[in-house]
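[1] Provided below are the primary sequence and the corresponding predicted coordinates.
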Amino acid sequence: MDKLLVTGGAGFIGSDFVHYILENTDKSVTVLDKLTYAGSLASLKDLPADRFRFVQGDICDAELVTGLFAEHDAVVHYAAESHNDNSLSGPAPFVQTNLVGTFTLLEAARATGVRFHHISTDEVYGDLELDDPERFTEHTPYNPSSPYSSTKAGSDLLVRAWVRSFGVAATISNCSNNYGPRQHVEKFIPRQITNLIDGVRPRLYGDGRNVRDWIHADDHSSAVLRILERGRIGETYLIGADGEKSNRDVVEIILQAMGRPADDYDLVTDRPGHDLRYAIDWSKLRDELDWEPTYRDFGAGIAATVAWYQENEEWWRPQKAEAEAKYATVGQ
Ligand code: NAD
Ligand code: DAU
């Protein structure tokens, strides 16, 4: 598997994977990305020209993707509309990219026989009560809440059907919330960091008690590589790092890293249908594929992420006004 095609490689996690592969292996990488509002060529700067190629295009373009599949040994599929709040204000691109796009790639995998890994989310399982002792496992029934998570759930089911019905050589991973550099400022952690840089207090939806299970994007990337190389075809693997934190806790850690009082935030209008808690049991990945996360200190990871946004304003500044204007329309 020397030649990888990475869809959505100009986005947050896809670009992390591209950097991770080029730094830690001898593989070459082609990125296929439409460069929507969420994609940025600045996330793919200074990569080795002899091992990296960028193609701008849409995963729904069957002719383009079938030709690209035929030139590669494996495809890792990150491209998606990824933000829950956007899926509430405008679901159409979520149906198109997440469902029709994944279908188009699966048909290319069927036609070419190329190995396929599908990147998905823990949100397909719905949410948990705060005091539920259970966490999501590979056997948890699907129960998605939002237009975003329902289209990701549908895309997972398409992958499973193409494996069973057509023998496509695919695996699926469902990961928890990622943090790290190069995440769009619409998302929770970068939004609060860049608000604070701009002198604006962080904004917590509802009562701020919702829980997310945080993992550093580099740990997600190392897990995906492990599944690509050693995962069993047709299997699903959950990826997590025991990182459960309430949104209040996360904001307090950001405020502390930026030298501000712990209560220096506002509560704003809640997200409709807001999932309460996600939590991942990643023991299958540990026991079967011998994978472990390396970022265990969330406070240190947040401090490094804060430093990245402080030092890379030219990367995020072009996104900021538009992202905040969208939030202003819904009182967030
Ligand atoms: P992102 O929004 O930062 O990036 C998405 C990328 O896909 C962008 O570069 C965009 O230009 C590209 N894209 C969108 N539509 C396209 C199309 N039709 N054709 C080609 N390219 C297109 O998203 P992200 O946060 O990096 O998420 C990447 C993947 O990981 C998604 O599948 C998401 O569901 C999944 N995921 C994300 C998280 C998280 O915490 N961010 C956690 C688990 C899983
Ligand atoms: O769980 C994996 C998922 O994590 C991925 O599939 C998604 O692509 C990714 O966007 C993320 O979804 P969330 O909805 O959990 O992430 P978001 O960053 O939008 O919000 C995280 C939590 O913070 C959530 O409870 C909503 C809350 N929030 C968010 C914003 C932007 C706030 O309280 N204030 C905010 O300003």
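    That came through fine. Ligands and ions are numbered 1, 2, ... in the order given.
[2] ok, the residue in the stretch 1-150 of the chain that ligand 2 sits nearest to - contacts?
    The nearest approach of the stretch 1-150 of the chain to ligand 2 comes at residue 121, 3.1 Å away (C-beta to the nearest ligand atom). No exception for glycine: its C-beta is placed from N, CA and C like everyone else's. Taking C-beta atoms under 8 Å, 6 or more residues apart in numbering as the criterion, residue 121 is in contact with 149, 152, 174-175.
[3] Select from those every entry located in helices.
    The members of those that map onto helices under DSSP state H are 149, 152.
[4] ok, the contacts of residue 121 vs residue 192, which is closest?
    Among these, residue 175 lies closest to residue 192 (C-beta to C-beta), at 21.3 Å.
[5] Does stretch 205-223 reach ligand 2?
    Yes - counting by C-beta under 6 Å from any ligand atom, ligand 2 is contacted by stretch 205-223 at 205, 210, 212.
[6] who are the neighbours in contact with the last one?
    Residues counted as contacts of residue 212 (C-beta under 8 Å, 6+ apart) are 176-177, 188, 244-245, 247, 250, 277-278.
[7] Which pLDDT does the model give the residue nearest to residue 123 when sequence neighbours are not counted?
    Sequence neighbours aside, residue 149 is the residue nearest to residue 123 in space, at 3.7 Å (criterion: C-beta to C-beta, 6 or more residues apart in numbering). Here, the pLDDT recorded for residue 149 equals 98.
[8] isn't residue 149 right up against residue 120?
    No - assessed by C-beta atoms under 8 Å, residue 149 is found out of contact with residue 120, at 9.6 Å.
[9] Pick out whichever of these two has more residues nearby.
    residue 149 (26 against 23; other C-beta atoms under 10 Å).
[10] who in the protein is up against ligand 1?
    Residues of the chain lying near ligand 1 (C-beta under 6 Å from any ligand atom): 7-8, 10-14, 33-36, 38-39, 58-60, 78-82, 97, 101, 119, 121, 152, 175, 177-178, 184.
[11] which outside residues touch stretch 140-151?
    Contact partners of stretch 140-151, identified using C-beta under 8 Å, 6+ apart, comprise 81-84, 86-88, 91, 94-95, 98-99, 121, 123-127, 152-153, 156-157, 273, 275.
[12] let's see 7 Å
    Outside of stretch 140-151, the residues within contact range by C-beta atoms under 7 Å, 6 or more residues apart in numbering are 81, 83-84, 87-88, 91, 94-95, 98-99, 121, 123-127, 153, 273, 275.
[13] Looking at the residues you listed, which are in helices?
    Of the positions in those, 84, 87-88, 94, 153 sit in helices, assigned by DSSP H.
[14] show me which of these neighbour ligand 2.
    Restricting the ones in helices among the contacts of stretch 140-151 to those touching ligand 2 (C-beta under 6 Å from any ligand atom) yields residue 84.
[15] could you redo the ones in helices among the contacts of stretch 140-151 as TSV and give each row neighbour count, distance to residue 235 and pLDDT?
    Formatted as TSV, these follow (neighbours: other C-beta atoms under 10 Å; distance: C-beta to C-beta, whole Å; pLDDT from 0 to 100):
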residue	neighbour count	distance to residue 235	pLDDT
84	20	27	98
87	22	28	98
88	16	32	97
94	25	26	98
153	23	17	98
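[16] what's the most distant pair in the ones in helices among the contacts of stretch 140-151?
    Greatest spatial distance among the ones in helices among the contacts of stretch 140-151 (C-beta to C-beta): 88 and 153, at 16.3 Å.
[17] pLDDT value on the closest residue to ligand 1 within the stretch 1-150 of the chain, please?
    Among the residues of the stretch 1-150 of the chain, residue 11 lies closest to ligand 1, at 2.0 Å counting by C-beta to the nearest ligand atom. On the pLDDT scale, residue 11 is placed at 98.
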